[in-house]
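Chemist: Predicted coordinates and the sequence they were generated for:
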Amino acid sequence: MRQREFWLGGALVAGVLASALAIGAPAQAADDVTIGLVVPLSPPGDPAGGQLIRRGAEMGVDAVNAAGGILGGRKIKLSVQDSQGRPEAGVAAYRRLVSEDKAVAVTGFFHSSVALAVNEVAKEMGVPTLSLQASAADITAKHYDIAFRTHAVDPVRVGAWMELIKKKNFKRISIIAETTDYGIGLSEEVIKQNKDEKAGLDIQKITFDRAVTDLTPQLLQIKAFKPDLVINIGVGQPADLIIDQATTIGLFPATPMLFSYDAPVRPQYWQLHPKNGDSMYFVAYYSPKSVLSEIGQTFSKAYQEKYKEDPVYGGLNGYGAIMILTQAMQAAGSTDPKALIKALEAGSFKSWPGNPVTFPRAEGVYWHNGSAPVLILQYTKPMQDWKEAEVVVEYAPPAAK
Amino acid sequence: MYSTELFVQTFISGVMIGVLYALMALGITFIYSIMRMINWAMGEFYMVGSYLQYMLVVGLLGTDLWWLAIPLSMAGVFAMGVVVQWGLLKPVFTRPPESRDDYATVVTLALLLFLRSVATGLAGPYQFTPGSNLPVIMVGPMPLAGARVAAFLFALAALGLFYVLLRYTWYGLALRATAQSRVGVQTAGIDVLAVDRIAFGIGVALAGLAGALLAPVFLVYPTNGLITTMKGFEIVVIGGLGSIPGALVAGLLLGLIESFGAAFIDSSYQNVYGFILVLAVLALRPSGLFGERGREA
């Protein structure tokens, strides 16, 4: 009898507690649709990169909601999580978004290592990911149903680098790469394409831990190698330290340097490198010469009004991601992740580039990949506006099969 | 394959960074020697020092007066340390000592998170640099950033001043006496809590000095103290907790082993070489190279 009373009492207390928790839970409109955003907002990740994507995504959500929402007036809610550029933090963020915030899709993903780790969990939990600036081949090459991307994959990006190397007749190449999926993936792709294309380049590969701040020993080795080009495959703070420390030892700008992504288009670049930032080659995915869609033009205008600066690729892609996902939800007539995945695979979506974006079940790394063209720009004078940087290479990704 | 020039350059690079490492570790070991507690927020005082330097140079003094910003940043961090000791740590030391370490750990860890969040909230997660007008300086065959050479010289001067303060002043005598026996100095009429306050202020000011000196070299951002904390504790373990000469020697050793390991073995494992040294020291001499077995009063 006592035992029965004990269990009954326990059940009663549990019921009261559950009710209290339900009442105390933050109010969320029942028909809101949550989209998750996982981006680096603090080091060791690249917080500036994360912030730019976040700005674009927030403006995308505002634009969709101002236009009446989706699926008969349901509002979009953006839930933002900081990955810190660390895979474990990214995985925890994805789990939180799906389990607690009931996100129907998760986008963002600046660092490849984060996207790769999250996709391993996402394929079990079933909520699709849309990577915006993570380039490692395996993000889409594993052919997971949940993995989508609107960014240039490693082979495409390295294809553009090889164009530059060929054009400038560089023969000795030093690669300084962080020991992450991003750094290792890109450096191995350079070695692979050199072999496959029989380019005959003499390549030196130096890797470093992202937590290291004094990269002088690595740069001294590179200087001793006497390269024609240094490829800087760091992300965020290490990449900036490489520029300064290479300048100090006389390596750069005497030897040209290629920055592996589009950080030099950000306003912070010249704040950090006012005296030694010119002559830098850098990858970009958008220049004022690029054709923008109507969506892209609307965003560009609104962004300039709001932030008093021109939008860059991260912001455009963040905005585009919200447009793509909401169009897919409309096409699916549902926010169910499985229906969303089918709609993404079957549809053609308007985003910021001139051409529509598709995610075909294509071969190899081009699976579910709507890749933008890759440009290589070069600053030709100090404090130059990135829009005036010289376009040295324009590289279109090969057609997906 | 490797030239003598590369060897010499690597040696110079190791010595330069080693002295700066020593400065980072000195505050940790000094505070421990006096207060018998570990300040887990040491890296955040480094971070505050770097932000103060940035704000003073960019917003007030200009790049040419960077040297004036250094003592001002250090003084700002000292004042902050005194307030933190008075407001957060003193209450811990006025209670019975049983759980003192636990309280101090919780308080300084909370402070770490608080300061980092405040920096992110106020300045955003971005990187900044106060810039430097100093030219590149040749040290033998090694070109070095003027800011790094200045940081090295300032660090040496600070270490020298710190030694003079400890060795030849009445306050230094009180600090050394407190390090030997907190109970003993009270019998001599010394206010041990006041000594704690000054010691904590000096300890964190050393970290703030390192932050200010290295702001143009390693950049300014909310988590830049993380590396400082990690290296600082490695040095403290190698040199011996509470040993000031140990911090200097261990800082140099760590700088050299990291530089040579990265240049001549494998640069991917630059941070690992220091941990191997830590493990070796712990195995052969658990109290550190210059450490002594603890004696609790």
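Modeler: Alright, I've got the coordinates.
Chemist: Let me know how buried residue A:239 is, in neighbour terms.
Modeler: The number of residues packed around residue A:239, counting by other CB atoms under 10 Å in any protein chain shown, is 19. C-beta coordinates here come from the backbone N, C-alpha and C atoms, glycine included.
Chemist: One more: residue B:276?
Modeler: 12.
Chemist: cool, residue B:138 as well?
Modeler: Taking other CB under 10 Å as the neighbour definition, residue B:138 ends up with a count of 10.
Chemist: And residue A:88, by the same measure?
Modeler: 12.
Chemist: Three-state assignment for the residue of the stretch 1-150 of chain B found nearest chain A, please.
Modeler: Among the residues of the stretch 1-150 of chain B, residue B:125 lies nearest to chain A; the distance is 3.1 Å by CB to the nearest CB. When states are read from DSSP: H, G, I helix; E, B strand; the rest coil, the local structure at residue B:125 comes out as coil.
Chemist: ok, the nearest residue to it once chain neighbours are set aside - how many residues close by?
Modeler: Closest residue to residue B:125 in three dimensions, ignoring its sequence neighbours and counting by CB to CB, 6 or more residues apart in numbering or on different chains: residue A:47, at 3.1 Å. Here the number of neighbours of residue A:47 (other CB under 10 Å) works out to 28.
Chemist: residue contacts, residue A:238?
Modeler: Under the criterion of CB atoms under 8 Å, 6 or more residues apart in numbering or on different chains, the contact list for residue A:238 reads A:178, A:208, A:210, A:212, A:215.
Chemist: Please repeat the previous calculation with a cut-off of 6 Å.
Modeler: Applying CB atoms under 6 Å, 6 or more residues apart in numbering or on different chains, we find residue A:238 in contact with A:178, A:210.
Chemist: Pretty sure it sits in a helix.
Modeler: Yes. Assessed by three-state DSSP, residue A:238 belongs to a helix.
Chemist: the strands in chain A, which residues?
Modeler: According to DSSP state E, chain A carries its strands in the segments A:33-39, A:76-82, A:105-108, A:129-131, A:147-149, A:172-178, A:202-208, A:229-233, A:257-259, A:281-284, A:348-349, A:357-358, A:374-378, A:390-395.
Chemist: same check, this time on chain B
Modeler: In chain B, the segments counted as strands under DSSP E are B:137-139, B:142-144.
Chemist: looking at those strands, which is buried most?
Modeler: Among the strands of chain B, the stretch with the highest mean neighbour count (mean count of other CB atoms under 10 Å in any protein chain shown) is strand B:142-144, at a mean of 20.
Chemist: Give me the contact status of that strand with chain A.
Modeler: Yes. Strand B:142-144 comes into contact with chain A when judged by CB under 6 Å from any CB of the partner chain, the residues involved being residue B:143.
Chemist: The residue of the stretch 1-150 of chain B closest to chain A contacts residue A:49, doesn't it?
Modeler: No. Shown here, residue B:125 and residue A:49 do not form a contact pair, counting by CB atoms under 6 Å, at 10.2 Å.
Chemist: how about stretch B:266-281 as CSV, C-alpha atoms only?
Modeler: C-alpha atoms of stretch B:266-281 as CSV (Å, rounded to 0.1, in the frame of the first residue of the first chain):
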residue,chain,number,x,y,z
ASP,B,266,57.2,18.8,-37.7
SER,B,267,55.5,22.2,-37.5
SER,B,268,52.1,20.5,-37.0
TYR,B,269,53.0,19.6,-33.5
GLN,B,270,54.4,22.9,-32.3
ASN,B,271,52.2,22.9,-29.3
VAL,B,272,52.8,19.3,-28.5
TYR,B,273,56.6,19.8,-27.9
GLY,B,274,55.8,21.9,-24.9
PHE,B,275,53.5,19.3,-23.4
ILE,B,276,56.2,16.6,-23.9
LEU,B,277,58.5,18.8,-21.9
VAL,B,278,55.9,19.2,-19.2
LEU,B,279,55.4,15.4,-19.1
ALA,B,280,59.2,14.8,-18.9
VAL,B,281,59.6,17.3,-16.1
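Chemist: Provide the contact partners of it at residue level.
Modeler: Around stretch B:266-281, the neighbours that count as contacts under CB under 6 Å, 6+ apart are A:179, A:206-209, A:211-212, A:218, B:234, B:237-238, B:254, B:257-258, B:261-262.
Chemist: out of these, which are buried?
Modeler: In the contacts of stretch B:266-281, burial by neighbour count holds for A:179, A:206-209, A:212, A:218, B:234, B:237-238, B:254, B:257-258, B:261-262, counting by 16 or more other CB atoms under 10 Å in any protein chain shown.
Chemist: From residue B:37, how far off is the nearest residue to residue B:251 once chain neighbours are set aside?
Modeler: Closest residue to residue B:251 apart from its sequence neighbours, by CB to CB, 6+ apart: residue B:22 at 2.8 Å. Computed as CB to CB, to the nearest Å, the residue B:22 to residue B:37 distance reads 21 Å.
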